[in-house]
Structures are given as C-alpha cells and as structure tokens.
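Asks: Give me coordinates for this.
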Amino acid sequence: MSLRRQLDALMPGWERWYPSVFDAARDLGLIRARVCPPSQLLLSNRHAGITSEAIEAFRKKWQVEYDPLVDGPQEEEPAAPPPKPARRRR
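Replies: So this is what the prediction gives:
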C-alpha cells in the first residue's frame, strides 16, 4: 500500500493540515528517521550491503565463479589508436 493511501486510511483530508505527504506521515508515525554513524553517510558505504547481495544473487542465478562487478569483463577490448598530431598552418 502506498504512503498516500495509508494516510488516507488513517486520516481522511490530511491535505488540509499538512503541506506534504512526508510531513503527515512523520506526524502520524508511518515513517521515522533513523540515526546512523557518519561513516554510513557515504552512498558507497550505505549501499555496500545491497551491492554484495546483488553480486551473490547474480552468482547463484548464473552459477559463475568470477565477480563481474569487481573483476570486469572477461574479454579484453582492443586499445584505441593514438590520436593524430594536429597539423600546423604556415
């Protein structure tokens, strides 16, 4: 059930008293903030658990030995030719 529908079920007409869905949901106890240590404020740290779960699900589904998100592709791509030097006008 969406947050808006939960609010409508709890308190019909909530839009008259609250400027946003989140303010109403916070006051009615549907959502609340969690306190976390500063080290978890970086997205890379916060989503490390989700990333590892996704990698594990990939391994189980495809039964692979390597980690495509860490090890990269198996085949090497050919290197691009170096750029040609610019010609000078005389």
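Asks: what separates P83 from R89, distance-wise?
Replies: For P83, the distance to R89 equals 18 Å [CB to CB, to the nearest Å]. Every residue, glycine included, has its C-beta placed from N, CA and C.
Asks: Next: K60.
Replies: From K60 to R89 the distance is 62 Å (CB to CB).
Asks: Also D27?
Replies: D27 is 71 Å from R89, by CB to CB.
Asks: Look at the two and report which has more neighbours.
Replies: Counted by other CB atoms under 10 Å, D27 and R89 do not tie: D27 has more neighbours, with 14 against 4.
Asks: ok, and the closest non-adjacent residue to the more buried one?
Replies: Leaving aside its chain neighbours, D27 sits nearest to Y18 (7.1 Å; criterion: CB to CB, 6 or more residues apart in numbering).
Asks: My guess is that neighbour contacts A24. True?
Replies: Yes - between Y18 and A24 there is a contact under CB atoms under 8 Å: 3.8 Å.
Asks: Which one's more surrounded, these two?
Replies: Under the criterion of other CB under 10 Å, the comparison of Y18 against A24 puts A24 first, with 21 against 16.
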